[in-house]
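> Build me a structure from this.
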Amino acid sequence: MTDSLSDDAAKVLRAPSYRSDQLAALLEVFSVWSSGSFMRGLAAGAGLDLDATSIVAITLLAREGNQRASALATRLRVGASAISKLSNRLSAIELVEKLPDPDDTRATLLRLTPAGTAAARALVQAGDSMMAELMREWPEDDRIQFNRLLRRFRDDAIVHSVRTETAVHPYTEPRKL
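Sure, this is the predicted structure:
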């Protein structure tokens with residue numbers, strides 16, 4: 001019988017590995033940073049008791065502004081019932097409010113309340129503090145170079161992402177009813 005360390009090592013050896021060390025490193029960071037426990041821990045450090053989906057929803061509303069529930073559901077990749085429960089939960093703790101959509105009286109918009117905006121600011125501050133802590137011992141030249149290269153990578157990744165998504169789902173004008 002093998003111990004769990006040996007089992008874990010065997011799994012790593014069987015797993016396909018990337019030739020790109022950069023991709024492997026990014027996937028490790030994404031895996032950790034997108035985990036619910038990490039996001040809840042970061043939020044808790046900012047004095048917020050929120051689940052991961054709520055954290056992402058608040059962040060999206062802060063960055064992109066008021067949205068229909070259906071648009072937020074699409075961004076969060078959840079269904080109508082999940083977004084309904086989420087918006088009710090965030091409304092109950094007064095972080096989000098529902099407003100009539102001026103363009104469609106059948107629809108509602110979700111908007112951050114002042115408390116929701118404060119929560120979003122606290123999340124940004126927690127992220128900024130984390131990055132400062134991670135890079136605290138980096139020489140200034142390394143920080144500058146990393147920032148420059150990361151922005152370049154981000155820009156190229158976004159262009160590639162748009163091309164990839166367009167190839168799979170070409171944009172079409174929505175039909176007007």
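> And for stretch 84-97, what's in contact with it?
53-54, 57-58, 61, 69, 72, 76, 78, 98, 110-113, 115-116, 119 (C-beta atoms under 8 Å, 6 or more residues apart in numbering). Placement of C-beta: from N, CA and C, glycine included.
> 10 Å instead?
48-51, 53-54, 56-58, 61, 66, 69, 72-73, 76, 78, 98, 108-120 (C-beta atoms under 10 Å, 6 or more residues apart in numbering).
> Repeat that for stretch 101-113.
Under C-beta under 10 Å, 6+ apart, the answer for stretch 101-113 is 57-58, 60-62, 65-72, 83, 86-87, 90-91, 93-100, 116-120.
> In it, which residues are buried?
108-110, 112 (16 or more other C-beta atoms under 10 Å).
> Dump those to JSON lines, plus distance to A25 and pLDDT.
Below are those laid out as JSON lines (distance: C-beta to C-beta, whole Å; pLDDT from 0 to 100):
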{"residue": "T108", "distance to A25": "41", "pLDDT": "87"}
{"residue": "L109", "distance to A25": "39", "pLDDT": "93"}
{"residue": "L110", "distance to A25": "35", "pLDDT": "96"}
{"residue": "L112", "distance to A25": "34", "pLDDT": "98"}
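> how about the residue nearest in space to the middle of the chain, what does it touch?
Closest to where the C-alpha atoms of the chain average out (C-alpha atoms, centre = their mean) is V56, at 5.1 Å. Contact analysis of V56 by C-beta under 10 Å, 6+ apart lists 34, 39, 50, 72, 75-77, 86, 123.
> residue ranges of the helices in this protein, please?
Per DSSP state H, the chain carries helices over the ranges 4-14, 21-33, 36-45, 52-64, 69-76, 80-92, 114-134, 140-168.
> Mean pLDDT and distance to D104 added to those, as a markdown table?
Conversion of those to a markdown table gives the following (pLDDT from 0 to 100; distance: least, C-beta to C-beta, whole Å):
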| stretch | mean pLDDT | distance to D104 |
| --- | --- | --- |
| helix 4-14 | 59 | 50 |
| helix 21-33 | 90 | 36 |
| helix 36-45 | 94 | 32 |
| helix 52-64 | 96 | 18 |
| helix 69-76 | 91 | 11 |
| helix 80-92 | 94 | 16 |
| helix 114-134 | 96 | 23 |
| helix 140-168 | 92 | 26 |
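> winner for burial among the ones you listed?
helix 52-64 (a mean of 18; mean count of other C-beta atoms under 10 Å).
> how far does it sit from the chain's center?
7 Å (C-alpha atoms, centre = their mean, to the nearest Å).
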